[in-house]
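K.L.:
Okay, structure incoming, though there's no sequence with it:
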């Protein structure tokens with residue numbers, strides 16, 4: 001039996017982000033006090049999993065939509081609701097956006113190319 005993933009994959013501050021060409025969740029593990037002992041064994045304290053969202057945003061990227069996306073992504077921090085493949089549920093947390101590039105595709109019609117951006121969590125899940 002197939003499970004359909006319904007609802008929004010991603011919301012930033014309550015606004016749905018549509019036109020996702022790629023939606024990838026990287027389960028980044030973070031350790032502190034990592035080092036090797038004299039026998040070469042690794043010692044570290046596991047802090048947790050920090051799910052990074054790797055996105056490619058496409059769809060019809062006209063000037064107004066790019067402006068709206070930039071306003072969301074350019075905030076220092078924001079609330080993200082996202083679909084978590086591990087639990088099959090929606091999770092939320094404080095995130096910030098990586099650097100991203102917005103490239104003009106067609107000047108006459110004000111169209112932009114799809115672009116990639118990573119959303120990085122402030123806290124572990």
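P.N.:
Thanks, I have it. All figures in this text were calculated on a predicted structure; none of them were measured in a lab.
K.L.:
Residue 56 touches residue 118, doesn't it?
P.N.:
No. Using CB atoms under 8 Å, residue 56 is not in contact with residue 118, being 10.5 Å away. Yep, even glycine has a C-beta here, placed from its N, CA and C like the rest.
K.L.:
for the protein, where's the lowest mean pLDDT among helices and strands?
P.N.:
Using mean pLDDT, DSSP states H and E, strand 20-36 stands out as the lowest-scoring helix or strand of the chain, at a mean of 91.
K.L.:
And that strand, how far out from the chain middle?
P.N.:
12 Å (CA atoms, centre = their mean, to the nearest Å).
K.L.:
For residue 95, see how far away residue 10 is.
P.N.:
The gap separating residue 10 from residue 95 is 10 Å, by CB to CB, to the nearest Å.
K.L.:
which residues are in contact with both of those two?
P.N.:
Taking CB atoms under 8 Å, 6 or more residues apart in numbering as the contact rule, residue 10 and residue 95 both touch 53, 80.
K.L.:
Neighbour count for these two, which is higher?
P.N.:
Using other CB atoms under 10 Å as the criterion, residue 10 and residue 95 rank with residue 95 on top: 22 against 19.
K.L.:
can you tell me which residues contact the more buried one?
P.N.:
53, 77-80, 119-122.
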